[in-house]
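The following block contains a protein sequence and its predicted model.
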Amino acid sequence: MFKLTSEHRFWATVTVHEPGSTAPTTFEMCFEALSSDDAAALVRAANEAAQTSLEAANAEELRQIRHIARDWRDVVDADGAAVPFSDQALEDACRWAWVRTGIIRSYGAAVVGARLGN
């Protein structure tokens, strides 16, 4: 039975390819799925920011990640202690382009995969 809801959250694996690392690392992220209209608006905003400057593009990418990211699992600090999800922790992680790239790719793959499966 299909349940029609006003929001849809899902978990997906994020793969991060850190420069200098011999193997990618992964963590789980809970995402808020976007409606087609919201996704189109974010694509337009990303394109506009990319035409402005690298700083604007990075800021827009972070804004979009904040819009879809809701929680994470398997994120630890340098000592191996779990890092609770928070706006600040997400911003700290997203200072690195490879983390932002992994998050965006994971979300896109999950949404496209769901679309192709229907």
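That came through fine.

Just the C-alphas of stretch 65-75, formatted as CSV.
Taking C-alpha atoms only, stretch 65-75 is exported to CSV below (Å, rounded to 0.1, in the frame of the first residue of the first chain):
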residue,chain,number,x,y,z
ILE,A,65,22.6,20.3,1.9
ARG,A,66,21.1,21.9,5.0
HIS,A,67,17.8,21.8,3.3
ILE,A,68,17.9,18.0,2.7
ALA,A,69,20.1,16.6,5.5
ARG,A,70,18.3,15.6,8.7
ASP,A,71,20.6,13.2,10.6
TRP,A,72,23.6,10.9,10.3
ARG,A,73,25.1,7.7,11.6
ASP,A,74,28.7,6.5,11.7
VAL,A,75,30.3,9.9,11.8
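
Helices of the protein, start to end?
36-52, 54-68, 87-93, 97-117 (DSSP state H).

looking at the ones you listed, which is closest to residue 17?
Closest approach to residue 17 among the helices of the chain (Cβ to Cβ): helix 97-117, 5.7 Å. In short, each C-beta sits where N, CA and C put it, glycine included.

Please spell out which residues along that closest one are buried.
Across helix 97-117, burial judged by 16 or more other Cβ atoms under 10 Å covers 99, 100, 102, 103, 104, 106, 107, 110, 111.

And the fourth one, how close does it get to residue 27?
To tie it back to what came earlier, the one meant is residue 103. Counting by Cβ to Cβ, to the nearest Å, the separation of residue 103 from residue 27 is 10 Å.

who touches both of those two?
Shared contacts of residue 103 and residue 27, defined by Cβ atoms under 8 Å, 6 or more residues apart in numbering, comprise residue 14.

Tell me which residues touch the most centrally placed residue in the chain, please.
What sits nearest the mean C-alpha location of the chain, by Cα atoms, centre = their mean, is residue 103, with 3.2 Å. The neighbourhood of residue 103, defined by Cβ under 8 Å, 6+ apart, consists of 14, 29, 65, 69, 94.

would you list those residues in a markdown table and tack on pLDDT and distance to residue 80?
Formatted as a markdown table, these follow (pLDDT from 0 to 100; distance: Cβ to Cβ, whole Å):
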| residue | pLDDT | distance to residue 80 |
| --- | --- | --- |
| 14 | 97 | 19 |
| 29 | 98 | 19 |
| 65 | 96 | 24 |
| 69 | 97 | 22 |
| 94 | 95 | 21 |
